[in-house]
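*Asks:* sequence and computational prediction follow.
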Amino acid sequence: MALDGIVTRAIAAELSSLQGARIGKVHQPSDSDIVFQIRSREGNKKLLLSASLTYPRIQFTEQSYMNPPEAPMFCMLLRKHCEGGVIEKIEQVGMERILHFWIRQRDEVGDVSLKKLIVELMGRHSNIILLDAATGAILDGIHHVTPAISSYRVVMPGFQYQEPPQQHKLDPLEASEAQFMQHWNENITTPPINRIVEAYTGVSPLIAQEVLHRAASGSGVENEESGTDAASVWKAFDGLMGEVREGRFAPCTGLNARGKLIFSAVPLTLIEGERREFDSISVCMEHYYGDKADRDTVKQKVGDLIKFLQNERGKNVKKLDHLAEDLEEAQDAEQYRIYGELLFASLHELQRGMKEIELVNFYDEEQRPVKISLDPLLNPSDNAQRYFKKYNKYKNSLAVIDEQIKKTHEEIAYMDNLLQQLNDASLRDVDEIRAELAEQGYVRNRAARGSKKKKKNDKPTLHLYTSSEGIDIYVGKNNLQNEFITNRLAHSSDTWLHTKDIPGSHVLIRSAEYGEATLNEAAQLAAYFSQAKHSSSVPVDTTQVRHVRKPNGSKPGFVIYDHQKTLFVTPDEDLIKSLPSTVKNS
């Protein structure tokens with residue numbers, strides 16, 4: 001796991017600036033995340049506390065988070081006991097991935113109360129727990145742990161807080177050379193990385209690998225796994241722990257030997273290629289995690305939706321194949337009429353039981369004979385009628401088949417569009433996509449009985465970016481947002497952008513006047529939030545909103561347009577992330 005005791009120590013060092021700061025608003029955007037709005041001497045900050053089972057972390061953040069319409073119970077409890085409170089101190093438990101926040105606040109009657117907020121960053125056992133500091137009683141936890149889940153400890157209101165099980169490892173910051181050598185030599189059969197990880201608290205395999213890499217580099221050995229002597233390893237270990245002990249953190253990211261992105265609070269010499277350095281551990285983690293945690297949460301929520309859309313798309317692809325077969329048969333309709341005419345003209349030659357007959361085709365200029373298949377169970381007249389019925393059926397169906405092919409292509413394009421939207425969707429965007437599918441009759445409405453029904457004219461979630469020239473750029477992440485942005489928010493003189501013939505977002509420059517920089521950034525957004533996100537030279541059409549129209553009866557988000565110009569851009573993720581952005585609730 002990338003977030004180890006050393007990263008936690010770096011986080012604690014950075015958070016020490018919050019001593020004496022006041023907690024303003026408390027939000028819980030998801031089941032595992034808490035966001036504190038904090039007022040400190042250095043200004044206002046947002047602090048993210050995440051007990052995500054996959055990406056647990058604590059960091060300052062610049063990201064905008066969507067909050068649910070109703071705050072969860074744990075969020076309400078934190079608001080009661082922490083909003084307006086002063087952070088007295090923040091402590092790390094040894095070298096464990098556990099931080100304690102001491103928060104002093106005046107309660108409803110004016111009495112001063114002290115609460116302890118414990119954040120445990122321990123993978124799938126991560127938790128955020130609020131205690132009464134005086135008694136140690138749990139007020140609540142973001143994840144409940146019942147006796148059925150764990151026989152060691154319970155995390156439920158009213159129970160006494162008990163620390164996670166001790167691992168009985170050594171503190172790496174207090175390690176002596178003699179102690180290190182003794183453990184190293186006693187476990188000579190254990191792989192070098194494991195010898196370090198299993199002995200010391202808070203040391204991850206990544207840090208152990210870095211120690212061995214430094215030792216090997218210092219001694220001129222190529223294979224740090226096997227050829228490094230104990231003295232070189234101790235020297236590298238003590239040097240790295242000296243950096244941690246003295247708080248000389250230098251957060252960085254880069255690729256390891258396997259090409260996987262890694263991050264650390266200390267410099268990594270094992271990074272292959274370019275190493276990117278950051279001013280703080282929060283900025284480093286913001287870069288490393290990006291929207292991974294949100295994407296992971298969304299993936300868990302949309303698995304059934306993606307499967308449904310893929311199945312629907314597959315059905316329509318098969319339907320197209322069948323329609324193509326029907327069209328081929330229908331185009332033979334005239335041939336069936338000729339067969340019927342020839343059979344009626346030669347009824348005297350036909351007998352029941354015949355399977356085939358060869359007749360002169362008098363519709364052919366060369367009077368060539370033609371073989372006609374017969375049903376042996378039918379009499380001559382019925383065999384002739386059978387071909388006339390086929391002729392009438394296929395003649396009438398030609399127009400219907402063409403219409404069905406057109407609708408099926410639209411259906412496939414619609415499914416492709418929704419699948420693309422789910423790639424970049426937030427949890428709120430997903431809810432809106434579900435609502436759209438329910439409104440279209442594809443799925444059942446999941447809204448709980450008694451919950452407020454969304455009015456048709458309600459505003460959806462709006463994603464707003466600000467260009468380098470200070471101009472607002474709106475991006476639709478689903479069809480409800482696309483419809484609102486293009487058909488209701490936009491003025492006729494505003495500029496509209498969309499990838500050419502590629503599923504993607506509607507993008508709106510909310511101004512009649514802007515420079516080339518704004519146009520390029522808007523085109524970048526259109527390309528980035530499209531199916532061609534990872535392509536180069538993506539074609540993006542741009543036109544004024546007055547030239548964009550929605551055909552009657554068309555699918556949500558579908559428009560036609562003209563008077564367009566086409567730009568070609570290569571999506572730049574760093575540019576997209578550098579644009580100031582905000583999310584507007586409905």
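*Replies:* Cool, got the structure.
*Asks:* strands of the stretch 401-550 of the chain, start to end?
*Replies:* 462-466, 472-475, 495-499, 507-509, 538-544, 548-549 (DSSP state E, counting those that start in this stretch).
*Asks:* repeat that for the stretch 101-250 of the chain.
*Replies:* Counting by DSSP E, counting those that start in this stretch, the segments of the stretch 101-250 of the chain that form strands are 112-120, 127-132, 138-141.
*Asks:* can you give me the helices in the stretch 1-150 of the chain?
*Replies:* Secondary structure of the stretch 1-150 of the chain (DSSP state H, counting those that start in this stretch): helices located at 5-15, 73-82.
*Asks:* which elements pack onto the longest one?
*Replies:* In terms of contacts (3 or more C-beta pairs under 8 Å, 6 or more residues apart in numbering; DSSP states H and E), helix 5-15 is packed against strand 57-60, strand 86-92, strand 98-106, helix 281-289. For every residue, glycine as well, the C-beta is placed using N, CA and C.
*Asks:* same question, the shortest one
*Replies:* Using 3+ C-beta pairs under 8 Å, 6+ apart as the contact test, the elements touching helix 73-82 are strand 22-27, strand 33-40, strand 98-106, strand 112-120, strand 127-132, strand 138-141.
*Asks:* specify the angle between that helix and strand 127-132 in degrees.
*Replies:* Using axes from the mean of the first three to the mean of the last three C-alpha atoms, to 10 degrees, one finds that helix 73-82 and strand 127-132 are set 40 degrees apart in direction.
*Asks:* contacting residues around helix 73-82?
*Replies:* If you take C-beta atoms under 8 Å, 6 or more residues apart in numbering as the criterion, helix 73-82 is touched by 23, 26-28, 34, 36, 71, 103, 105, 113, 115, 117, 128, 130, 139-142.
*Asks:* domain parsing for this protein?
*Replies:* Partitioning the chain according to automatic domain parsing yields domains covering residues 5-141, 172-290, 295-423, 462-584.
*Asks:* would TSV of the ones you listed with distance to R434, mean neighbour count and mean pLDDT be doable?
*Replies:* Listed next are the domains of the chain as TSV, based on distance: least, C-beta to C-beta, whole Å; neighbours: other C-beta atoms under 10 Å; pLDDT from 0 to 100:
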stretch	distance to R434	mean neighbour count	mean pLDDT
domain 5-141	15	18	92
domain 172-290	25	17	88
domain 295-423	7	15	87
domain 462-584	10	18	93
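*Asks:* for those, give me TSV that also has distance to V443.
*Replies:* Below are the domains of the chain laid out as TSV (distance: least, C-beta to C-beta, whole Å):
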stretch	distance to V443
domain 5-141	21
domain 172-290	30
domain 295-423	7
domain 462-584	14
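*Asks:* among the ones you listed, which comes closest to G158?
*Replies:* Of all the domains of the chain, the one in closest proximity to G158, counting by C-beta to C-beta, is domain 5-141 (6.5 Å).
*Asks:* export the strands of the stretch 401-550 of the chain to TSV and tack on distance to Y55?
*Replies:* Compiled in TSV, the strands of the stretch 401-550 of the chain are given as follows (distance: least, C-beta to C-beta, whole Å):
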stretch	distance to Y55
strand 462-466	22
strand 472-475	25
strand 495-499	30
strand 507-509	29
strand 538-544	30
strand 548-549	39
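*Asks:* between those, which one is nearest to H322?
*Replies:* Between H322 and these, the shortest separation by C-beta to C-beta is 30.7 Å, and it involves strand 495-499.
*Asks:* now the angle from that closest one to strand 538-544?
*Replies:* What separates the directions of strand 495-499 and strand 538-544 is an angle of 160 degrees, with the same axes, to 10 degrees.
*Asks:* paired strands for strand 495-499, with orientation please.
*Replies:* Partner strands and pairing direction for strand 495-499 (DSSP bridges) are strand 507-509 (antiparallel), strand 538-544 (antiparallel).
*Asks:* what comes into contact with that strand?
*Replies:* Residues outside strand 495-499 that contact it (C-beta under 8 Å, 6+ apart) are 486, 490, 504-509, 511, 514, 519, 522-523, 525-527, 530-532, 538-545, 548, 561.
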